Structure formats: structure tokens, C-alpha cells
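Enquirer: with the input below, show me the fold.
(one chain, ligands or ions: 1)
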Amino acid sequence: MSESARTQFIPDRNWPDDKEVHINAHGGGILFHNGSYYWFGEHKIEGKAGNLAHVGVHVYSSKDLYNWKDEGIALKVSDDPTSDIAKESVIERPKVIYNPKTKKFVMWFHLELKGKGYDAARAAVAISDKPTGPYEYLRSFRLNAGHWPLNVTEADKVNQEELDKIKSKKFGGSPSSETMQAPILARDFQNGQMSRDMTLFVDEDGKAYHICASEENSTLHISELSEDFLSSSGKYVRIFPRRWNEAPAICKAHGKYWLISSDCTGWAPNAARSAVAESIWGPWKELGNPCEGINPHNKLGPELTYGGQSTYILPVNGKKNACIAIFDIWRPEDAITGGYVWLPISFEDDKIKIKWQDKWDLSVF
Ligand code: GAL
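Expert: Numbers count the residues shown, from 1 in each chain. As a prediction, this is how the structure comes out:
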């Protein structure tokens, strides 16, 4: 490590990698494997063009979480315009987990097909034998086709006549009274449920889960993954129906499951939310905005999540109940300049709290 090695987190400032280039791993997720952390994220390019995938998923490695080595592109977009992951598709919020049974590193991400806006709403999977890749793209799909969630109600299973009414209807991804009333879950029963903003979570018993904004972003779905982590097992729940949560991030601490999410306002920031549950399957209880304090660089506080949006909760290896909340500061006009806010989580009075710090280090845990 060089003399100038970093020893602190400095939220919402330039975060240089080992080549002194601002880290390019937005909407990221972090894997800890064999003593190293691997940070996967969306590689963005300059300008508005950077909101589409031109390069792929970037990966960095670190031993200490402060200093990151550029490990290159883990998953490359395809030059074949007919590929699901063609250049100018949308590849967002990549997350990687390791499957000890198959010995494969498994990447999931949110995929939108080139030129189709956010209509595809698919989950996509790629695998590799090494954490840094290269990852081989496998397939993309809607989740849980032909399965009702564990907590489905009879009222959710509407008849064909009701479904016909919304057959060719288009819904926006933000709160709307139309989406509120539409039987989206039943509409997507046969071909699979929508999956946009997503994360992965591996529990202490080795079971893995996919958590995503589904039903036109109106409802979060938590799905158990199959044993090989390459698909969903068909077991899932809906949580906070029609409450419009996205940007889900999840962790386990003090024996409970904690969720951070956001409202649905596209790249523009909004107020973060949090929730807790004794079981991953719920019931989940909403706890409100976990953020406190002001980001001095843009003067934004909890009402706009310091200008950011959640993407991941990172458990610190070797420390009990030590979790870092990770947010992106999106800059859609010049996507590559997007910033990162990493802040320690404190668990107080059965709540989750995230307090702004200009600088901090792991000794807080
Ligand atoms: C946000 C979402 C991002 C991205 C963006 C596109 O709401 O969290 O991951 O999809 O919308 O507008």
C-alpha cells in the first residue's frame, strides 16, 4: 500500500482507485470472499449517455474497504445488437454472491433491453469461476412465473375479465392512483413478476434471496433463490404492497432483518425509508427515515437522503452487527461523476439510524 493510502471514508467526495481515477461502480454491491472485498457496480460513461450500459459491470478489490484496486470489467456488454446485454441496454444494480456448492460466483442485475425503456423489467444472471470474472452471461427473465406469493389473498387472484381491462395498459414507475387499483400481480402471474431495482442477500444458513421492486415498482418482492442461486425457487412474498419502495438494501443484525429503501422518483433523490422483521418472510414493520444530519457539499439532509439513494448494506467482516449503508449520488447529466456515500449504521431503540459524517473509519464499530 502506498504512503498516500486512505484510512477513512469521505462521503460524497472523489474516491480515487489505485490508478487515482474516481471509482466507477455505481448502484453497487460488495462481496467478501477469502479475505478480500469485491465492489461490483455499473460502469458509467460521461454525459447523459452514461445512463445506458456502454461498457458493463466494473469490479474493484480491497482488503481494508478504503483502498480499491481496479480489477477491470467483470461483465462486458455485447457488441451483438440482438443480445440481451447489447451495448445501450440498461444494466443496473449488479450484485454478486458466492455459491459454495457449485463454487461459482453468481451475478444478478436489473436488465432492460436496448431501446425499450424500462418495459422489460427483468432479472439477469451471469456466472464466473473467479470473483473478478470474466462473467459469462446466462439469461434474463421475469421472476416466479406461475407461482403465487406466500401471502397472496383471494382478492389478488382476479378473473380474466378484470385482467382484460388492463391488457394493453402502460403504467409509470412512480406512485399513481391507476397502478394503485390495477391487479398487476395477477397480470404477471403467468409470465413472471417484474424485477427492477434489486439486491441479493445471503442468510446465515446459506440460503440466498432476491429483493426487488416489482408490480410496476409499487410493491417489493422477496424471493428465495434456488440451491444453485441461478433462479428463484418459486417461494416469495410481497411486502409493503402499493407503498412504492425501490432501491432495496438489506442486512441482518441483532438477530433481525433490516431493510433500507427509497420512494420512486427516478434519478432524483427522495427520503429514505427503513423497516425491520424477525423473519425474512415478514411481517415487516416500517420504521421511517433512518437518516440524520446534513451533507455539507450539497446542503441536503434526511428529506433527500443527502442527495443519494440506497444501493447496498455491507456487513463488515470480523465485526459483529457492524453494517455500512451505501448510497449513490446520481448525476444523470454526467453519469460518470456520480458519487458514493458510505455511512455506518447504528441500531438504537429497535430502530436503524444513519448519521451523516464528513469523515469516519471502521473504529466506530
Ligand atoms: C431509479 C432507480 C435507478 C434507476 C433510475 C432510472 O429510481 O433506483 O436504479 O433505475 O431510477 O431512472
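Enquirer: tell me the secondary structure of the residue in the chain that the ligand sits nearest to, please.
Expert: The minimum distance from the chain to the ligand, using C-beta to the nearest ligand atom, falls at residue 266 (3.9 Å). Glycine gets a C-beta too; all of them are placed from N, C-alpha and C. Using DSSP: H, G, I helix; E, B strand; the rest coil, the structure places residue 266 in coil.
Enquirer: that one: neighbour count?
Expert: Residues contacting residue 266 under the criterion other C-beta atoms under 10 Å number 14.
Enquirer: spit out the contact partners of it.
Expert: Counting by C-beta atoms under 8 Å, 6 or more residues apart in numbering, residue 266 makes contact with 173, 174.
Enquirer: for it, phi and psi?
Expert: phi 60, psi -140 (degrees, to the nearest 10).
Enquirer: which stretches of the stretch 151-300 of the chain form strands?
Expert: 198-202, 208-214, 219-225, 232-239, 246-253, 256-262, 273-277, 284-286, 291-292 (DSSP state E, counting those that start in this stretch).
Enquirer: turn the ones you listed into a markdown table, including mean pLDDT, mean neighbour count and distance to the ligand.
Expert: Listed next are these as a markdown table, based on pLDDT from 0 to 100; neighbours: other C-beta atoms under 10 Å; distance: least, C-beta to the nearest ligand atom, whole Å:
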| stretch | mean pLDDT | mean neighbour count | distance to the ligand |
| --- | --- | --- | --- |
| strand 198-202 | 98 | 23 | 9 |
| strand 208-214 | 98 | 25 | 8 |
| strand 219-225 | 98 | 24 | 13 |
| strand 232-239 | 98 | 20 | 17 |
| strand 246-253 | 98 | 23 | 5 |
| strand 256-262 | 98 | 24 | 7 |
| strand 273-277 | 98 | 22 | 13 |
| strand 284-286 | 98 | 15 | 19 |
| strand 291-292 | 98 | 22 | 17 |
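Enquirer: looks like residue 80 contacts residue 86 (just checking).
Expert: Yes. Counting by C-beta atoms under 8 Å, residue 80 touches residue 86, with 6.4 Å between them.
Enquirer: which one of the two is surrounded by more residues?
Expert: residue 86 (16 against 10).
Enquirer: local confidence estimate at the nearest residue to that one once chain neighbours are set aside?
Expert: Nearest non-adjacent residue to residue 86, counting by C-beta to C-beta, 6 or more residues apart in numbering: residue 114, 4.7 Å away. With respect to pLDDT, residue 114 scores 98.
Enquirer: residue contacts, residue 114?
Expert: Residue 114 touches 81, 86, 87, 88, 89, counting by C-beta under 8 Å, 6+ apart.
Enquirer: now do 6 Å
Expert: Going by C-beta atoms under 6 Å, 6 or more residues apart in numbering, residue 114 touches 86, 88, 89.
Enquirer: JSON lines for these, including pLDDT?
Expert: Listed next are these as JSON lines, based on pLDDT from 0 to 100:
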{"residue": "86", "pLDDT": "98"}
{"residue": "88", "pLDDT": "98"}
{"residue": "89", "pLDDT": "98"}
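Enquirer: nearest to residue 54 among these?
Expert: Ranked by distance to residue 54 (C-beta to C-beta), the contacts of residue 114 are led by residue 88 at 6.8 Å.
Enquirer: excluding chain neighbours, what is closest to residue 99?
Expert: Here the residue nearest residue 99, using C-beta to C-beta, 6+ apart, is residue 229, at 4.7 Å.
Enquirer: and the one you found, how many neighbours?
Expert: Using other C-beta under 10 Å, residue 229 is surrounded by 24 other residues.
Enquirer: distance check, it against residue 315.
Expert: 18 Å (C-beta to C-beta, to the nearest Å).
Enquirer: quickly find the element holding residue 106.
Expert: strand 104-112 (DSSP states H and E).
Enquirer: within the sheet, what are the partner strands of that strand, with directions?
Expert: strand 90-99 (antiparallel), strand 122-128 (antiparallel) (DSSP bridges).
Enquirer: excluding its backbone neighbours, what's nearest residue 138?
Expert: Of all residues not flanking residue 138 in the chain, residue 125 sits nearest, at 4.8 Å (C-beta to C-beta, 6+ apart).
Enquirer: alright, calling it a day.
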